[in-house]
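> Provided below for reference: sequence and predicted model.
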Amino acid sequence: MRKFKYALGVMAMFAAVQAAQAATLDVVKKRGVVHCGVTTGFAGFSAPDSKGEWRGLDVDVCRAVAAAVLGDASKFKAVPLNSQQRFTALQSGEIDLLARNTTVTQQRDTALGAISAGVNFYDGQGFLVPKSLGVKSAKELNGASVCMQTGTSNENTMADWARANKVTYKPVVIEQFNEVVNAFAAGRCDVFTTDASGLASIRISKLSNPDDYQVLPEIISKEPLGPFVRQGDDAWLNVVKWTLHAMVGAEELGVNSGNVDEQLKSDNPNIKRLLGVTEGSGKNMGLDEKWAYAIIKQVGNYGESFERNVGQGSPLKIQRGLNALWTDGGLMYALPIR
Ligand SMILES: N[C@@H](CCC(=O)N[C@@H](CS)C(=O)NCC(=O)O)C(=O)O
């Protein structure tokens, strides 16, 4: 009997915790601001610009969610988090969503109380080395010291790859991003390993002589990066998930920030549904019918966000590659809004 009462008590507590966490959409609407977990500053993905405004491909997810829910892309607060802090901040409710170059893994999606809302950048782990090291392939890294950041998936991936390839290395694992970058720049390790996007960003924005460094050809893992929310809040999960699909869907349909007003007059039923001319999708999520219109008008479609932040309109000049639309040979495929 006592055991039964205890079990009931635990169940009630669990339900209460879930109920307390289950209403992120209501909390955000009432607060009028989305609390968005980002990095401590990683150019192209999430970093403050010269005016102190947070910019980047991941920040655009924060902005797009703010536009969808509050009608105003500027109504978000960027909460800088290092790799180690990010999931605790999500679990504790300090942030409503984590939009920070975070790899979707089965463990994070289950045991960490987080759940992935989709992928906004398909990536893989690679290696950055000074050209002076004289190395052309990762297989030549035997005996090297390897810098990486605490709390990243990069630590385990490196260990697995090294074991499989019979490469021995000395891990240099540091908690703060700037410190690990500084250690690498000062030659305290031979190699920096993280996502290829991270390496491109570090090389261009953090090292004083980018031309003295090169990214090795090997990509040793799949790193699908995307936003996470808390488990147990399906309505909020839907908002973030469909925000991503609206951005990719707009690109598929040729709708962008420049032509979105013109497109309100389109006869295409998919465009009419996307822009809320045909109503329904907003009501289904507890949002204004113009939720996707607001995203596209204020933030742009996925391709615009990509090019502006990390592509040809940015110093990083990352190719679309896997992040091209599926119709162009990439993996970006919008689920239908209907
Ligand atoms: N995708 C990997 C790595 C992500 C990651 O945290 N990378 C580091 C190195 S580029 C980073 O973004 N640091 C920025 C910070 O801590 O502010 C993961 O999810 O674990």
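Cool, the structure landed. For clarity, every value in this text was computed on a predicted model and none was experimentally measured.
> ok, Gly41 to Gln125 distance?
Using CB to CB, to the nearest Å, we find Gly41 at a distance of 21 Å from Gln125. For glycine as for every other residue, the C-beta is placed from the backbone atoms N, C-alpha and C.
> So between those two, which is more surrounded?
Neighbour totals were compared for Gly41 and Gln125, and Gln125 leads with 24 against 17 (other CB atoms under 10 Å).
> Tell me what the more buried one is bridged to.
Under DSSP bridges, the beta-bridge partners of Gln125 are Asp195.
> so how far is the ligand from it?
Using CB to the nearest ligand atom, to the nearest Å, Gln125 is found at 8 Å from the ligand.
> per-residue pLDDT, that residue?
For Gln125, the model assigns a pLDDT of 98.
> contacting residues around it?
By CB atoms under 8 Å, 6 or more residues apart in numbering, the residues touching Gln125 are 153-154, 157-158, 193-196, 219-221, 223.
> try 6 Å
By CB atoms under 6 Å, 6 or more residues apart in numbering, Gln125 lies in contact with 154, 157, 195, 220-221, 223.
> Check Met332 too.
Neighbour list for Met332: 248, 323, 325 [criterion: CB under 6 Å, 6+ apart].
> most surrounded residue in those residues?
Neighbour max across these (other CB under 10 Å) = Asn323, 24 neighbours.
> Pull out the buried residues from the host helix or strand of Arg108.
According to DSSP states H and E, Arg108 maps onto helix 106-110. Judged by neighbour count (16 or more other CB atoms under 10 Å), helix 106-110 contains these buried residues: Arg108.
> Run through who's touching the next helix or strand after it.
Counting by DSSP H and E, the next helix or strand C-terminal to helix 106-110 is strand 114-116. With CB under 6 Å, 6+ apart as the test, strand 114-116 has contacts from 87, 90, 104, 108-109, 226, 228-229, 231.
> repeat that with 7 Å
Applying CB atoms under 7 Å, 6 or more residues apart in numbering, the external contacts of strand 114-116 come out as 87, 90, 104, 108-109, 226, 228-231, 237.
> Show the buried residues in those.
Using 16+ other CB under 10 Å, the buried ones in the contacts of strand 114-116 are 87, 90, 104, 108, 226, 228-231, 237.
> what's near enough to touch Pro224?
Pro224 neighbours (CB under 7 Å, 6+ apart): 103-104, 119, 122.
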